[in-house]
Structures are given as structure tokens and as C-alpha cells.
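S.K.: Pasting a predicted model and its sequence here:
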Amino acid sequence: MKTSKNYLLGLLTLIMVFNYVDRVALGLLLQDIKVALSLSDTQLGLLTGIAFAAFYATMGIPIARCADRGNRVAIVSITVALWSATVALCSVARSFTELLFLRMGVAIGEAGCHPPAFSLISDYFNRGERPRAVARYMLGWPLALLAGFFAGGWLNEIYGWRATFVILGLPGLVLAAVAALTLKEPRRVVGAKRASSQSASQEPVPLIAVLRTLGANPAYRNLLCAFSLSYYFGNGILQWLPVFFVRSHGLSSGVLGTWFAMVYGFGTLFGTWLGGELASRYAANNERAQLAAVAILYLLMAFLGAGVYIAPNYHLAFLMLIFSAIGSAVVIGPMFAATQALVPAQMRAMSIAIVLFFSNLIGLGFGPLTVGALSDALRPLIGDQSLRIALLVMCPGYVWCAWHLWRASRAISGSLSETTTNHASIESAT
């Protein structure tokens with residue numbers, strides 16, 4: 001079981017890398033796409049925001065329902081193949097409309113990554129192990145930052161944005177085949193004690209009952225608000241950061257990709273690992289302490305983020321950015337693990353899908369669009385510095401996130417009492 005669960009975790013993490021890598025690289029390609037297709041900042045915001053997020057968020061719900069009842073490995077394999085093919089096809093777009101529809105296709109495929117993956121991981125790792133396991137799975141995000149920024153920046157500079165989409169999309173087709181051939185759905189494997197003990201005795205829960213259960217949980221509600229707000233401010237900022245450094249500091253895409261790979265790639269990689277290790281080692285089974293610490297980190301990120309945009313040179317800006325990147329990554333494992341601890345096993349994929357639905361619809365959907373529209377609105381007044389001010393305006397939003405996380409930390413002990421018994425019975429069977 002140890003080898004199989006580590007292999008599962010490793011492969012799902014690699015799949016997650018490619019789930020995000022094209023979105024990371026897209027930020028470096030925006031300026032060239034803007035010039036090639038004659039787009040405005042608002043159109044770029046639509047392209048990276050609501051047009052993608054609406055499909056990504058909406059499709060996550062039916063996919064999660066299937067994941068809670070069906071073959072999660074098949075779902076992962078099919079959706080990986082779908083998003084990889086459509087990423088490669090973005091290379092042939094000749095207009096804003098064509099690229100818009102292709103990004104919608106990417107979104108539908110990428111919606112199938114997290115819900116089944118989190119459900120599978122929660123089958124194999126108990127409550128105390130989960131923050132570490134989830135953090136290691138979420139290392140896919142910083143690895144995507146590392147690969148996306150470095151490879152995307154230099155591929156764009158050497159080959160152009162169209163070839164970059166092809167090169168980033170094709171490896172996912174190989175991963176889809178590997179997942180289909182080597183992963184086994186635990187619910188269908190005789191002798192897989194953990195999976196059978198979870199699935200054999202549990203009937204699928206009606207959607208309305210799932211929504212009622214989650215809606216009545218105050219800790220989950222506040223976590224949902226915190227996720228949504230952090231995605232809104234975080235995605236709004238991150239998607240436009242490369243453009244900011246190009247416009248305000250004159251960096252090329254290759255140089256910028258290298259800097260971002262080091263700052264966001266290694267910084268987020270270290271922070272994600274550190275958050276999972278600290279939570280599992282010093283606050284195992286103590287989600288209250290984990291979320292209180294996360295709330296404090298969000299307060300610090302509001303100040304660190306603002307420092308990036310008022311720094312007089314890009315060296316100081318990147319110094320501030322690396323501390324912000326580490327802090328934003330430390331929170332990942334504890335926050336996602338808390339959502340899994342709050343619900344029975346047969347609701348885990350849906351609990352993640354609902355978080356991702358609101359987070360991506362609000363955050364990924366309107367965050368980049370807000371920054372782009374604000375930048376366009378400010379341009380007549382302050383010219384080329386409009387994007388800098390638009391990004392600066394977003395930074396205080398992290399204080400709002402911290403408030404919801406603090407409320408979640410106060411409520412989570414009571415919310416856990418009803419689900420602890422279910423977790424204990426499942427884990428004792430293994």
C-alpha cells in the first residue's frame with residue numbers, strides 16, 4: 001500500500017503540473033498575443049478570466065458528482081487528454097474569438113483535475129497525514145510556476161507564442177495514457193481495504209443533501225469565502241505580474257521567465273512543502289491552530305504584496321515578491337486539508353468542487369478582468385503606470401481573506417465533531 005499510494009500521489013502531482021503550466025505561461029505570452037491579435041487589456045482580462053473560469057468552475061460540479069460515485073481514474077485520464085489537446089490547438093487561433101473558444105475547451109478539461117484527485121488522496125491518507133499529502137500534491141502548483149515561467153518565457157522568445165502552446169500541450173497526452181494504464185480505481189480493486197470500507201457501506205448522497213450539509217457548516221462557509229477572495233485577489237495579481245514587469249521595468253520575456261521561475265517556482269515550492277510539514281508535524285489533527293496561523297500569514301501578504309509595486313527597481317520588487325510567494329504557498333496544504341476533514345468521505349470531491357466553483361468563478365473569472373479594466377480606466381489619467389496602480393489597489397484584499405480564515409479557525413472545532421467518528425471508523429479498517 002505504501003508504494004502504491006506514493007506512486008498515485010506522484011503521478012497526480014505531475015498531472016497537476018500540466019494542469020497549471022499553460023495558465024502560468026499564458027501570462028508571459030499575453031503581450032505578444034495582444035500585439036499579434038490587436039487586443040485590448042480588457043479583452044486579455046476576459047481571455048484569462050471569466051471566459052476560462054465560467055467553464056472551469058461550472059464543469060467542476062458534474063465532474064465531482066461523477067468522482068464521488070464513479071471511476072475517478074477514468075475521469076482524470078479523459079480530462080487530461082482533453083485539456084492537453086486544446087492547449088496545443090490554441091496555436092492555430094487567428095482572432096480573439098477563436099482563442100476565446102479554445103480557452104473554454106481548455107477550461108472544461110482542466111476542471112477534471114482536482115475533484116477526483118483530492119478524493120483519491122483522501123482515500124489513501126488519514127486525517128493526520130492529509131495536510132502533508134495534500135501539500136505534496138499541491139507542489140504541482142509551484143512546479144508549474146517553475147516550468148511555466150522558465151519554459152514559457154524562453155520558448156516564447158525563441159519560437160513564438162504559437163509554438164509554445166504546442167510544446168506545452170503535447171506532454172499531457174502522454175500523461176493521460178500513463179494514468180489510464182497504471183492507476184487503478186480503488187473502488188474496483190478487491191482487497192483494497194481503505195477504498196472498499198469507504199465505498200461499500202456508503203450510498204451516494206443526493207446533491208441537495210450535500211449542499212445543505214456544507215451550507216450549514218460555519219467553518220466550511222468561511223473557508224469557502226476565504227478561498228474565493230484569495231483566488232480573486234491572487235489571480236488578478238498573478239496573471240498581470242509579467243505584464244507589469246515588462247511595462248514598468250522593461251524586462252524581456254526570457255529574462256522575466258527566469259526571474260519568475262526562481263522567485264515563484266522555488267519560493268512557492270519551498271512554501272508549499274513547509275506548510276504541509278509544519279501542519280502535520282506540529283499541529284496534526286489541530287485544524288484550529290493551522291487556520292489561525294494561515295490568517296496571520298494573509299495579513300503579512302497584504303503588506304508584502306504592496307511593496308512589490310512601490311519598489312523603485314525590479315531587484316527590490318523581486319525580493320519582496322519571493323517572501324510573498326513563500327507566504328502564499330505555506331497556506332495551501334492546511335486550507336485544502338481542512339475542507340477534507342470537515343466532510344464525510346462521500347462528499348469530499350463535491351466539497352472541493354464547490355470551493356473551486358466559487359473560487360474560480362469569482363477569483364479567476366473576475367480577478368484578471370478587474371485588473372485589466374481598471375488599468376484601461378486609469379490609462380488616460382496616469383499613462384503607462386496604470387497597471388502598477390491597478391495591482392496596488394488589489395493588495396489590501398488579503399486582509400479580508402484573513403478575517404474569514406480567523407472566523408473559520410474559531411468555528412472548526414465544533415464543525416469537526418460530527419465527522420470525526422466517520423473518519424475514525426474508516427481509518428480503523430485499514
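M.R.: Thanks, I have it. Residues are numbered from 1 along each chain as shown.

S.K.: taking the mean pLDDT, what do you get for stretch 81-91?
M.R.: Model confidence over stretch 81-91, given as mean pLDDT, is 91.

S.K.: hmm, who's touching that stretch?
M.R.: Contact partners of stretch 81-91, identified using CB atoms under 8 Å, 6 or more residues apart in numbering, comprise 18-19, 22, 99, 102-103, 105-106, 108-110, 112, 162-166, 168-173, 175-176. Heads up, the C-betas are built off the backbone N, CA and C, glycines and all.

S.K.: Please apply the same query to stretch 356-372.
M.R.: Contacts to stretch 356-372, defined as CB under 8 Å, 6+ apart, come from residues 41-42, 44-46, 48-50, 52-54, 56-58, 60-61, 111, 114-115, 224, 227-237, 239-240, 387, 390-391, 394.

S.K.: Take those residues and keep only those in helices.
M.R.: Secondary structure from DSSP state H places 41-42, 44-46, 48, 50, 52-54, 56-58, 60-61, 114-115, 224, 227-237, 239-240, 387, 390-391, 394 of the contacts of stretch 356-372 in helices.

S.K.: Could you identify the buried members of these?
M.R.: Those of the ones in helices among the contacts of stretch 356-372 that meet the buried threshold are 41-42, 44-46, 48, 50, 52-54, 56-58, 60-61, 114-115, 224, 227-237, 239-240, 387, 390-391, 394, by 16 or more other CB atoms under 10 Å.

S.K.: Now name the helix or strand holding residue 156.
M.R.: Following DSSP states H and E, one finds residue 156 within helix 140-159.

S.K.: what bits of the stretch 101-250 of the chain have low per-residue confidence?
M.R.: By pLDDT under 70, the weakly predicted segments of the stretch 101-250 of the chain are 127, 187-205.

S.K.: wait, isn't residue 295 in contact with residue 399?
M.R.: No: using CB atoms under 8 Å, residue 295 makes no contact with residue 399, being 10.0 Å away.

S.K.: which one of these two has more residues nearby?
M.R.: residue 295 (20 against 15; other CB atoms under 10 Å).

S.K.: Let's see the pLDDT reported for the more buried one.
M.R.: Reported pLDDT for residue 295: 91.

S.K.: distance of it from residue 306?
M.R.: 18 Å (CB to CB, to the nearest Å).

S.K.: just residue 360 next, same as before
M.R.: With distances taken as CB to CB, residue 360 is found 25 Å from residue 306.

S.K.: so where's the stretch 251-400 of the chain uncertain?
M.R.: Within the stretch 251-400 of the chain, the segments meeting pLDDT under 70 span 345.

S.K.: Show me the helices in it, by range?
M.R.: Using DSSP state H, counting those that start in this stretch, the helices of the stretch 251-400 of the chain run over 253-260, 267-282, 287-310, 314-330, 332-341, 348-358, 365-382, 386-394, 397-428.

S.K.: neighbours around residue 319, how many?
M.R.: Residues contacting residue 319 under the criterion other CB under 10 Å number 16.

S.K.: do the same with residue 165
M.R.: Neighbours of residue 165 under the rule other CB under 10 Å: 28.

S.K.: Let me see the contact set for it.
M.R.: By CB under 8 Å, 6+ apart, the contact set of residue 165 is 22, 87-91.

S.K.: mind running it again at 6 Å?
M.R.: By CB atoms under 6 Å, 6 or more residues apart in numbering, the contact set of residue 165 is 87, 90-91.

S.K.: Which one of the helices of the stretch 251-400 of the chain lies nearest to residue 32?
M.R.: Closest approach to residue 32 among the helices of the stretch 251-400 of the chain is made by helix 253-260 (7.5 Å; CB to CB).

S.K.: which strands and helices sit next to that closest one?
M.R.: Packing partners of helix 253-260 (3 or more CB pairs under 6 Å, 6 or more residues apart in numbering; DSSP states H and E): helix 140-159.

S.K.: got the angle for the helix it packs on vs helix 253-260?
M.R.: 160 degrees (axes from the mean of the first three to the mean of the last three CA atoms, to 10 degrees).

S.K.: for whichever helix or strand comes after helix 140-159, the distance to its chain's centre please.
M.R.: Once the chain leaves helix 140-159, the next helix or strand it forms, by DSSP H and E, is helix 161-169. With CA atoms, centre = their mean, to the nearest Å as the basis, helix 161-169 stands 21 Å off its chain's centre.

S.K.: List the buried residues of helix 161-169.
M.R.: Across helix 161-169, burial judged by 16+ other CB under 10 Å covers 161-162, 164-169.

S.K.: Also stretch 276-286?
M.R.: Using 16+ other CB under 10 Å as the burial criterion, the residues of stretch 276-286 that qualify are 276-280, 283, 285.
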